[in-house]
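>>> Predicted model follows, preceded by the sequence.
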Amino acid sequence: QVQLVESGGNWVQPGGSLRLTCAASGRISSSYGLAWFRQAPGKERAFVAGRWWWGGSPIYADSVKGRFTISRDSASNTVYLQMNSLKPEDTAVYYCAVSTGLYTDVGKYDYWGQGTQVTVSS
C-alpha cells in the first residue's frame, strides 16, 4: 500500500508561483512512476508531469512545459511540483499519483492523494 498526501495549494495571481508537495509513504519500488494530475471544474482529470521514482528525465504536458518542474527529495520521499508563471487556466485541483510504471493515462495509476486546490486569478 502507498499513501499520498498533497499540500501547498493556494490562491495566486497570474504570473505567480506555487510549490505543491506530496508526502509519500508505504511500499514504493524504485521502478514505480509518480505523477501530478489536475482536474478543473467540469473537465476530466489530466496529466501534468511525471517521472520515474528512481529519477531519469521527467515528462510534461505541453501546456506546462517550461513553467512546471517535478522533483523528488529522496531523503524524505517527498515529491514536489514547482509551478511558475501561473495562468488562470492552471486553476484546478492537483493530485499526485503513483503507479507501477510511468504513464500519462489517469486510468493506469493505482494510488492517489486527496488533492489540493490551486486557484490562479486576479
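Everything's here; your move. Numbering: from 1, shown residues only.

>>> Please count neighbours and contacts with C-alpha atoms only from this point.
Noted.

>>> Tell me which residue is most central in the protein.
For the chain, the residue nearest the mean C-alpha position is residue 36 (2.2 Å; CA atoms, centre = their mean).

>>> since we're on the nearest residue to that one once chain neighbours are set aside, how many residues are nearby?
Leaving out its chain neighbours, the residue that sits closest to residue 36 by CA to CA, 6 or more residues apart in numbering is residue 96, at 4.4 Å. Residues within reach of residue 96, counting by other CA atoms under 10 Å, total 31.

>>> residues in contact with residue 96?
By CA atoms under 8 Å, 6 or more residues apart in numbering, the contact list for residue 96 reads 4, 5, 6, 22, 34, 35, 36, 37, 112, 113, 115.

>>> who touches the residue nearest to the centre of the chain in this structure?
With contact set as CA under 8 Å, 6+ apart, residue 36 has these partners: 47, 48, 49, 50, 81, 94, 95, 96, 97.

>>> Which member of those is positioned nearest residue 103?
Within those, distances to residue 103 taken as CA to CA reach their minimum at residue 50, with 7.7 Å.

>>> what's the neighbour count on that closest one?
Using other CA under 10 Å, residue 50 is surrounded by 26 other residues.

>>> coming back round to it: which strands border the helix or strand harbouring the residue nearest to residue 36, and is each parallel or antiparallel?
Taking DSSP states H and E as the definition, residue 96 sits inside strand 92-99. Sheet pairing here is set by DSSP bridges, and for strand 92-99 it gives strand 33-39 (antiparallel), strand 111-112 (antiparallel), strand 116-120 (antiparallel).

>>> Mind checking those for the one nearest to residue 90?
Between residue 90 and the strands paired with strand 92-99, the shortest separation by CA to CA is 6.7 Å, and it involves strand 116-120.

>>> Next one: residue 98 from residue 121, what distance?
Per CA to CA, to the nearest Å, residue 98 is found 30 Å from residue 121.
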